[in-house]
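[1] just a sequence and a predicted model for now, questions to come.
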Amino acid sequence: MELHDPWRLDFQKGLALCPELRPAPVVSLVLPCFNEQEVLPETTRRLVALLARLEAEGGAAPGSAIYYVDDGSTNCTWRLIADYAAAFPCVCGIKLSRNRGHQNALLCGLLTAPGGVLVSLDADLQDDLEAIPRMIEAYRAGSEIVCAVRRRRDADSFFKRTSAEAYYRLLSFLGVQVLFNHADFRLMSRRAIESLRGYEETHLFLRGLIPQLGYRTSVVEFERAPRFAGESKYPLRKMLSLAWQGVTSFTAYPLRLITGAGALVSLGSLLLAAWALGIRVFTDQAVPGWASAVIPMYLLGGVQLLSLGIIGEYLAKVYESTKKRPRFHVESVCGNGFDKEKP
Ligand code: UDP
Ligand code: MG
């Protein structure tokens, strides 16, 4: 199923256009973590090994590091991060003052971590680490943003798979530019990150925001694995909330639908009125029925309530945005990766 947009650029073409590679960048891996104590030991082991390998092979410059963002965990997650930061020079931690949700935690990591390129990924090892060297290659070939796209969704439950795919199609239908089956596993260059800093939205839906940045973008495919350990931290409630942010932050289409529905219903009532008048004037059977009086009343009441609800949702967004509240607060940091110069 291809639902891609014109901003998708072919990785192969990118290579052909740019035979001269950029120098190996300082890579920062950014991982939001919410109660991830079960997966952190394995994630750290694999990521430390990956960075060592990349540095040894010349794919990443020395000083590359892992940045865990503890999103207000209530278990031993932060203690583990602090221990790893003490044990490995390439591990750093950022602790948020409370749980702010995956998107805010991720943004905090992206805006705080230094490095020439930043790769965001989940802490639960669902994102294939072997895609990272390919993403860096695409960057070195000239891309500013590299999106990792799932080849299949076999690892997800039937419900998650079908609802996610239906949602991507809905967004595409509503005119929201998102890349099909791409979540938040992506590489961004320092330049793209600095552009992202300029967006001050309260309601974050990063995968919708990134295409707004423009820049040369390429796609790398990967196989998504099942969660390594622990449970999903994205219950249905959080998933629905993110889905709603995606729609209401990027398109006013639902409001336009209301206008269209309102116009249609009004036109219909006018026609109905003309028809009733015709019956009254030209025939003697004009006994107004119960149904024609009561049904439209309920119908219109329903349409009006629904419309008010949707308008209210947008109004609530404006209200919250005018408050310009900070999206996160950093409580503390650990590790020695924060004094590096931003290239
Ligand atoms: N996460 C977070 N804050 C939250 C919920 C999730 O930082 O409030 C992190 C979580 O630790 C993980 C990533 O976001 O690294 C994706 O979450 P998860 O794997 O549970 O989502 P799923 O893969 O089930 O959609
Ligand atoms: Mg996951």
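    Nice, thanks for sending it over. Ligands and ions are numbered 1, 2, ... in the order given.

[2] ok, D184 - contacts?
    Going by Cβ atoms under 8 Å, 6 or more residues apart in numbering, D184 touches 102-103, 106, 120-122, 206-207. Glycine gets a C-beta too; all of them are placed from N, C-alpha and C.

[3] strands along this structure, start to end?
    27-33, 65-70, 91-96, 117-120, 145-150, 186-189, 217-222, 330-334 (DSSP state E).

[4] for the fourth one, buried residues please.
    If you call a residue buried by 16 or more other Cβ atoms under 10 Å, then strand 117-120 has these buried ones: 117-120.

[5] what sits against the residue of the stretch 151-300 of the chain found nearest ligand 2?
    Nearest residue of the stretch 151-300 of the chain to ligand 2, counting by Cβ to the ion: R227, 5.0 Å away. By Cβ under 8 Å, 6+ apart, R227 lies in contact with 39, 124-126.

[6] could I get these as CSV with neighbour count?
    Listed next are those as CSV, based on neighbours: other Cβ atoms under 10 Å:
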residue, neighbour count
V39, 21
D124, 23
L125, 18
Q126, 20
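
[7] need these in a markdown table (columns: distance to G302 and pLDDT).
    What follows is the contacts of R227, written out as a markdown table (distance: Cβ to Cβ, whole Å; pLDDT from 0 to 100):
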| residue | distance to G302 | pLDDT |
| --- | --- | --- |
| V39 | 46 | 95 |
| D124 | 42 | 94 |
| L125 | 47 | 93 |
| Q126 | 41 | 91 |
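
[8] what subset of those is also close to ligand 2?
    Contacts with ligand 2 within the contacts of R227, counted by Cβ under 5 Å from the ion: 124, 126.

[9] nearest to G262, of the contacts of R227?
    Ranked by distance to G262 (Cβ to Cβ), the contacts of R227 are led by Q126 at 43.7 Å.

[10] the closest one and P226 touch, don't they?
    Yes. With contacts counted by Cβ atoms under 8 Å, Q126 reaches P226, the gap being 7.0 Å.

[11] what residues are shared contacts of the two?
    Shared contacts of Q126 and P226 (Cβ under 8 Å, 6+ apart): A155.

[12] tell me which residue of this protein is furthest from the middle?
    In the chain, D284 marks the outermost C-alpha relative to the chain mean, sitting 63.2 Å out by Cα atoms, centre = their mean.

[13] what score does that residue have for pLDDT?
    We have a pLDDT of 79 for D284.

[14] cool, L47 as well?
    On the pLDDT scale, L47 is placed at 97.

[15] I'd say I310 and T259 touch.
    No. Applying Cβ under 8 Å as the test, I310 and T259 come out as separate, 10.8 Å apart.

[16] which of those two has more neighbours?
    Taking neighbours as other Cβ atoms under 10 Å, I310 and T259 compare with I310 leading, 15 against 11.

[17] and the nearest residue to that one once chain neighbours are set aside, what is it in contact with?
    The shortest distance from I310 to any non-neighbouring residue, by Cβ to Cβ, 6 or more residues apart in numbering, is to P254 (5.2 Å). Shown in contact with P254 (Cβ under 8 Å, 6+ apart): 174, 247-248, 310.

[18] so which of the contacts of R227 also contact ligand 1?
    Among those, proximity to ligand 1 is found for 124, 126 (Cβ under 6 Å from any ligand atom).

[19] can you put the contacts of R227 in a markdown table and add distance to K160?
    Shown next, in a markdown table, are the contacts of R227 (distance: Cβ to Cβ, whole Å):
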| residue | distance to K160 |
| --- | --- |
| V39 | 19 |
| D124 | 14 |
| L125 | 17 |
| Q126 | 12 |
